[in-house]
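[1] this is a predicted model, with the sequence first.
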Amino acid sequence: MKLTELINVLPKWQFNVTSNENPEITSLKMDSREVEEGSLFFCVKGYTVDGHDYAKTAVEKGAVALVAEHELDVDIPVVIVKDTRRVMALLANFFYGQPTEKLKLIGVTGTNGKTTVTHLLEAIFQEKKQKTGVIGTIETRIGSEVYPVQNTTPESLALQGIFSKMADENVEVAAMEVSSHALDLGRVHGCDYDVAVFTNLTQDHLDYHHTMEEYRYAKGLLFSQLGNRFEETSPKYAVLNADDASSELYAKMTTAFLLTYGIHVESDIMARNIEMTSSGTTFELVTPLGNKTMHVNLIGEFSIYNILAAASAAFALNVDLETIVAALSKVKGVDGRFEVVNGGQDYTVIVDYAHTPDSLENVLKTVKQFAEQNIYVIVGCGGDRDKTKRPIMANVAVSYSTEAIFTSDNPRSEDPKEILNDMTTELTEENFTTIEDRREAIQYAINKAQAKDVIVIAGKGHETYQIIGGTVNDFDDRKVALESIESKTKQA
Ligand SMILES: CC(=O)N[C@H]1[C@@H](OP(=O)(O)OP(=O)(O)OC[C@H]2O[C@@H](n3ccc(=O)[nH]c3=O)[C@H](O)[C@@H]2O)O[C@H](CO)[C@@H](O)[C@@H]1O[C@H](C)C(=O)N[C@@H](C)C(=O)N[C@H](CCC(=O)O)C(=O)O
Ligand SMILES: Nc1ncnc2c1ncn2[C@@H]1O[C@H](COP(=O)(O)OP(=O)(O)OP(=O)(O)O)[C@@H](O)[C@H]1O
Ligand SMILES: N[C@H](CCC[C@H](N)C(=O)O)C(=O)O
Ligand SMILES: [Mg+2]
């Protein structure tokens, strides 16, 4: 594609080009290390470095044009714009042939439950024998092919590349997690969503968004970008959790049709007569088109919200109730979410991805509901992330457990001792132990556990690494737990 063909997608007054040359653009890049002959390189001002400083390197590596926020001393055309990230997302969408218009796209946002809901949606559409795509925290999936991810919601260039691959491979429905960072940084500009789902909003990421108001607003951008409900061929739907107060704002921020779900507040789609055991939940799924009693293998009220969110999004896309119920009834669970580690022991070990105060509380509440003996929770807080959630998470941990074992999550660039200090200094309860080394913390709890006790290892779920300083070490809570269980059994 020629440079002019690409940039003429933008209104004329939104850019200036420093030369009349019109090179052929064969790829779009935002990282100089990935630039190749024929690339258009986007100079992005980051949080760590300024991409404009890599313009010369990009040229040396074969870039034929640049998009930048100011003039640069180079011999190739520079397209000068106000906001490189925003322009990058719009141009990526055009360069890749507007791929999201070729498939049904469901965006899921909210503090907790995004990964779970996208995986439930995948199960529903696979039950319908449709080819699916999933983009999120654990990985990207196109049909049965799996691709690694760096961010929950990739940067626009990567994202539109994935959608283009999905469209080429005839994916009919894609479900993606849309993080508040992605919305704020314009990673999803240009995506044509058919359905936007809101799970819930509780405290997280205040390091980035500073206040809950800003965080709430960022999530709302998904609903305002959803498009118009009067588009007759493909109406748009905002699926909102009626039990979460933030839904009121999102209802105002969209012109799409609203579909609400909930357990407590009267809503379009509801779960009634919920009966939970330690292994599953039975309830009546109430919809405007009829009701159906269903059983799922998931437990905890939070899981029922995730089921309702997925069922509602599928319902909006005209999936019949039988298919929704059949698919959701078969789901065993999602990798690293309330995952039971079974080494034949007589106590229960659960690995869960709870890394926010609300998710930790939900999981521990659910465990407490069924626990017959002691509850041990092993938890830490990520470094270079919201510091204000640390004491709150620690407080939740001691409140719902017999003993909390505070340890390291991914300390990243922070001193693990300081993180533990932030978690524990204000604690008034004394039922906790601090063991910085995560493996030792897990071993400690497993060695202590007696018959019928429950151990919850929270925060890292599916993660197979631990980031300490700049080093990424192999670490998988499930493997470490299993090793400790087996070694305890051998010693007995
Ligand atoms: C705060 C944030 O979102 N940071 C993202 C951002 O990093 P950054 O601003 O530090 O980038 P930078 O290193 O300063 O680089 C600036 C520019 O220079 C370029 N560069 C850099 C070096 C070089 O040699 N050459 C070069 O061209 C970079 O490619 C980039 O274009 O741009 C990077 C490249 O796309 C992202 O990977 C990175 O995500 C980091 C890893 C991150 O941790 N993000 C988190 C906060 C995040 O986005 N989380 C949400 C999910 C959270 C949730 O829901 O719980 C997510 O969607 O993942
Ligand atoms: N609907 C929910 N409400 C509250 N907590 C939940 C909900 N669903 C899941 N959780 C808890 O949050 C954890 C993370 O769930 P999940 O991975 O689905 O969320 P996420 O929104 O994708 O998280 P992330 O922001 O890290 O991508 C789970 O392990 C569980 O502890
Ligand atoms: N998407 C979240 C994941 C946090 C997972 C936790 N294990 C941590 O490292 O803090 C984040 O990047 O904030
Ligand atoms: Mg996720």
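    It's in. Numbers count the residues shown, from 1 in each chain. Ligands and ions are numbered 1, 2, ... in the order given.

[2] next, count neighbours for K219.
    26 (other CB atoms under 10 Å). C-beta coordinates here come from the backbone N, C-alpha and C atoms, glycine included.

[3] before we move on, which element is it in?
    helix 212-224 (DSSP states H and E).

[4] now A394. Nearest residue, chain neighbours left out?
    Spatially, and ignoring its direct neighbours in sequence, A394 is nearest to M423 (4.0 Å; CB to CB, 6 or more residues apart in numbering).

[5] which ones are touching the one you found?
    Counting by CB atoms under 8 Å, 6 or more residues apart in numbering, M423 touches 380-381, 390-391, 393-394, 406.

[6] 6 Å - rerun?
    390, 394, 406 (CB atoms under 6 Å, 6 or more residues apart in numbering).

[7] tell me which of those is nearest to K417?
    Of all these, K417 sits closest to F406, with 11.0 Å by CB to CB.

[8] number of residues surrounding the residue in the stretch 351-492 of the chain that ligand 4 sits nearest to?
    For the stretch 351-492 of the chain and ligand 4, the shortest gap (CB to the ion) falls at Y353, measuring 7.7 Å. By the other CB under 10 Å criterion, the neighbourhood of Y353 contains 25 residues.

[9] for the nearest residue to I80 once chain neighbours are set aside, give me the pLDDT.
    Spatially, and ignoring its direct neighbours in sequence, I80 is nearest to N16 (4.7 Å; CB to CB, 6+ apart). Note for N16: predicted pLDDT of 96.

[10] pull the residues that contact stretch 399-414.
    364, 368, 374-378, 380-384, 397-398, 416, 419-420, 423, 431-436, 438, 441, 445, 459, 466-468.

[11] got it, and stretch 117-131?
    Contact partners of stretch 117-131, identified using CB under 6 Å, 6+ apart, comprise 106, 108, 132, 134, 136, 143, 170-173, 175, 177, 306, 309-310, 314, 323-324, 326-327, 331, 334.

[12] one more time with 8 Å, if that's ok
    106, 108, 132, 134-136, 141, 143, 169-173, 175-177, 197, 199, 306-307, 309-311, 313-314, 319, 323-324, 326-328, 330-331, 334.

[13] strands of the stretch 201-350 of the chain, start to end?
    Assigned strands in the stretch 201-350 of the chain, in chain order: 237-241, 257-262, 269-276, 281-287, 290-296, 339-340, 348-352 (criterion: DSSP state E, counting those that start in this stretch).

[14] turn those strands into a markdown table, columns for mean neighbour count.
    Listed next are the strands of the stretch 201-350 of the chain as a markdown table, based on neighbours: other CB atoms under 10 Å:
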| stretch | mean neighbour count |
| --- | --- |
| strand 237-241 | 27 |
| strand 257-262 | 21 |
| strand 269-276 | 16 |
| strand 281-287 | 18 |
| strand 290-296 | 15 |
| strand 339-340 | 16 |
| strand 348-352 | 24 |
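
[15] tabulate these (CSV), appending mean pLDDT and distance to Y96.
    CSV is the format used below for the strands of the stretch 201-350 of the chain (pLDDT from 0 to 100; distance: least, CB to CB, whole Å):
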stretch, mean pLDDT, distance to Y96
strand 237-241, 97, 25
strand 257-262, 97, 28
strand 269-276, 97, 34
strand 281-287, 97, 36
strand 290-296, 96, 37
strand 339-340, 95, 35
strand 348-352, 97, 36
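
[16] once you drop chain neighbours, what's closest to the residue of the stretch 201-350 of the chain found nearest ligand 3?
    Nearest residue of the stretch 201-350 of the chain to ligand 3: H205, at 6.6 Å (CB to the nearest ligand atom). Distances taken as CB to CB, 6+ apart place D386 nearest to H205, at 5.6 Å, with adjacent residues excluded.

[17] and the one you found, how far is that from A316?
    Plainly put, D386 is 32 Å away from A316 if you go by CB to CB, to the nearest Å.

[18] kindly report the residues of the stretch 151-300 of the chain close to ligand 1.
    151-153, 155, 179, 181-182 (CB under 6 Å from any ligand atom).

[19] tell me what the helix holding K219 is packed against?
    With contacts taken as 3 or more CB pairs under 8 Å, 6 or more residues apart in numbering; DSSP states H and E, helix 212-224 sits against strand 104-109, helix 180-184, strand 195-198, helix 206-209, helix 247-252.

[20] quick one: low-confidence ranges for the chain?
    230-232 (pLDDT under 70).

[21] per-domain residue ranges of the protein.
    For the chain, automatic domain parsing gives the domain ranges 3-95, 99-330, 339-491.

[22] got those as JSON lines, with distance to ligand 2 columns?
    JSON lines is the format used below for the domains of the chain (distance: least, CB to the nearest ligand atom, whole Å):
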{"stretch": "domain 3-95", "distance to ligand 2": "19"}
{"stretch": "domain 99-330", "distance to ligand 2": "3"}
{"stretch": "domain 339-491", "distance to ligand 2": "3"}
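
[23] quick check: residues of the stretch 301-450 of the chain near ligand 3?
    355, 382, 385, 409-410.

[24] hang on, the earlier thing: more crowded one of D386 and A316?
    Set D386 next to A316 and count neighbours by other CB under 10 Å: A316 wins out with 24 against 21.

[25] that one - nearest residue in space that isn't next to it in sequence?
    A316 sits nearest to Y237 (CB to CB, 6+ apart), 3.9 Å away.

[26] all strands for the stretch 51-200 of the chain, in order.
    65-68, 78-80, 104-109, 132-135, 140-142, 145-147, 173-177, 195-198.

[27] check contacts around the closest residue in space to N93 that isn't next to it in sequence.
    Once flanking residues are discounted, N93 sits nearest to G190: 3.3 Å by CB to CB, 6+ apart. For G190, the contact set (CB under 8 Å, 6+ apart) comprises 89-90, 92-94, 98, 100, 156, 160.

[28] ditto for A68
    A68 neighbours (CB under 8 Å, 6+ apart): 42-43, 52, 55, 78-81, 84.

[29] identify the residue spatially nearest to it, adjacent ones excluded.
    C43 (4.2 Å).

[30] mind listing the residues bridging to I455?
    Bridge pairing for I455 (DSSP bridges) gives the partners V349, Y376.

[31] would you agree it is in contact with I350?
    Yes - I455 is within contact range of I350, at 7.0 Å (criterion: CB atoms under 8 Å).

[32] that older thread, closest to K12 out of the strands of the stretch 51-200 of the chain?
    Here strand 78-80 is closest among the strands of the stretch 51-200 of the chain (CB to CB), at 12.1 Å.

[33] which residues does that closest one contact?
    Against strand 78-80 from outside (CB under 8 Å, 6+ apart): 3, 7, 15-19, 65-72, 87.

[34] partner strands of that strand, parallel or antiparallel?
    Applying DSSP bridges, one finds strand 78-80 paired with strand 16-17 (antiparallel), strand 65-68 (parallel).

[35] show me what the shortest one is in contact with.
    What it means is strand 16-17. By CB under 8 Å, 6+ apart, strand 16-17 touches 3, 7, 77-80.

[36] before we move on, back to that, the residue nearest to A316 pairs with what?
    Beta bridges link Y237 to V195, F257, judged by DSSP bridges.

[37] and it, how close does it get to K45?
    35 Å.

[38] ditto for G470
    22 Å.

[39] and these two? Which one has more around it.
    K45 (14 against 7).
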